[in-house]
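Q: for reference, the sequence and a predicted model appear below.
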Amino acid sequence: MSSLVITDLHASVITDAGESEILRGVSLTVESGTTNAIMGPNGSGKSTLAYVIAGHPKYTVTSGSITLDGADVLAMSVDERARAGLFLAMQYPVEIPGVSVSNFLRTSVTALRGEAPKLRTWTKEMKDSMADLQMDPSFAARNVNEGFSGGEKKRHEILQLGLMQPKIAVLDETDSGLDVDALKVVSEGVNRFKEATDAGVLLITHYTRILRYIKPDVVHVFVDGRIVETGGPELADSLESEGYERFAAAKA
């Protein structure tokens, strides 16, 4: 049983206008086998939370804590967080020219497992995982995300997720830019990973459509850098019909 515990987290970023606070006291817990969905309008700080968990240097934590199974995440480097069991699927995956998907994935898995998988075993493992996500085998030889469509980039993120098998997966707007068919394939990949590992998932999204395929246990409404309401799956249904206006009005 693993747990990611975020307590009264405040974080800021330096802009041309000076220091700007984005996270204003975020507290939540993600445990093994559960899916927490964070929903909120554009600019509310949802992606900032994901980046702070992963250790992006752009953001400064000014107070609060993040622990994974009791260990201080904020004291860890980015690679130490990954080795400890944290994973971030980015909203905008970056291109890595000159590095093939196969080499990228094998190097990543080697770093996490402590030894390189045998090549024959690895090739089969990777091809089977790609087939599950309906990815053409030729993608293994292509440079990471270079020339990939939005849907292909998101499938590659979930391919990484399945092969790396973290304890806690943070999925930042994984549904962004996906058509209906790609959304189903990606969602099935997330569900397959969760069933195989019993990991915890923190799913960040604007819309309820992905929640039709990845069922949340807990839904948090995120407005202006903080969680303003928490509930069950029915909360997502009310957001679908009512939007975020009532939460913004209550804040005002």
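A: Good, I have the coordinates.
Q: what sits closest to Pro41 if chain neighbours are left out?
A: Tyr244 (4.8 Å; Cβ to Cβ, 6 or more residues apart in numbering). Every residue, glycine included, has its C-beta placed from N, CA and C.
Q: which stretches of the stretch 151-252 of the chain have low pLDDT?
A: Applying pLDDT under 70 to the stretch 151-252 of the chain flags residues 248-252.
Q: pretty sure Asp217 sits against Ser32.
A: No - contact between Asp217 and Ser32 fails when scored by Cβ atoms under 8 Å: they sit 11.5 Å apart.
Q: mutual contacts of those two, please.
A: Counting by Cβ atoms under 8 Å, 6 or more residues apart in numbering, Asp217 and Ser32 have no contacts in common.
Q: about what we covered before: what's around the residue nearest to Pro41, how many residues?
A: 18 (other Cβ atoms under 10 Å).
Q: tell me the buried residues in the helix or strand where Thr110 lies?
A: Using DSSP states H and E, Thr110 falls within helix 101-113. By neighbour count with 16 or more other Cβ atoms under 10 Å, helix 101-113 contains the buried residues Val101, Ser102, Phe104, Leu105, Arg106, Val109, Leu112.
Q: what's the answer for stretch 81-98, then?
A: Arg81, Ala82, Ala84, Gly85, Leu86, Phe87, Leu88, Ala89, Met90, Gln91, Pro93.
Q: before we move on, what about stretch 230-239?
A: Buried, per 16+ other Cβ under 10 Å, within stretch 230-239: Leu235, Ala236, Leu239.
Q: is it correct that Gly45 is in contact with Ile227?
A: No - look at Gly45 against Ile227 with Cβ under 8 Å: they stay out of range, at 10.1 Å.
Q: so between these two, which is more surrounded?
A: Relative neighbour count places Gly45 above the other of Gly45 and Ile227, with 21 against 18, counting by other Cβ under 10 Å.
Q: now do the more buried one against Lys154, distance only.
A: In this view, Gly45 and Lys154 are 22 Å apart by Cβ to Cβ, to the nearest Å.
Q: likewise for Ser187?
A: Taking Cβ to Cβ, one finds Ser187 at 10 Å from Lys154.
Q: more crowded one of these two?
A: Between Ser187 and Lys154, counted using other Cβ under 10 Å, Lys154 has the larger neighbour count: 28 against 21.
Q: what sits closest to that one if chain neighbours are left out?
A: Lys154's closest residue in space is Val186 (Cβ to Cβ, 6+ apart), at 5.4 Å.
Q: who's in contact with that neighbour?
A: Contact partners of Val186, counting by Cβ under 8 Å, 6+ apart, are Leu133, Gly151, Lys154, Arg155, Ile158, Thr174, Asp175, Leu178.
Q: do the same with Met130
A: If you count contacts by Cβ under 8 Å, 6+ apart, Met130 has them with Asp136, Pro137, Phe139, Ala140, Leu159.
Q: just the closest of these to Gly64, please.
A: Nearest to Gly64 among the contacts of Met130 is Leu159, at 32.8 Å by Cβ to Cβ.
Q: hmm, Met135 and that closest one touching each other?
A: Yes - if you go by Cβ under 8 Å, Leu159 and Met135 touch, sitting 6.7 Å apart.
Q: tell me the SS of the closest residue to Val221 other than its chain neighbours?
A: Sequence neighbours aside, Glu229 is the residue nearest to Val221 in space, at 4.4 Å (criterion: Cβ to Cβ, 6+ apart). Following DSSP: H, G, I helix; E, B strand; the rest coil, Glu229 is assigned to strand.
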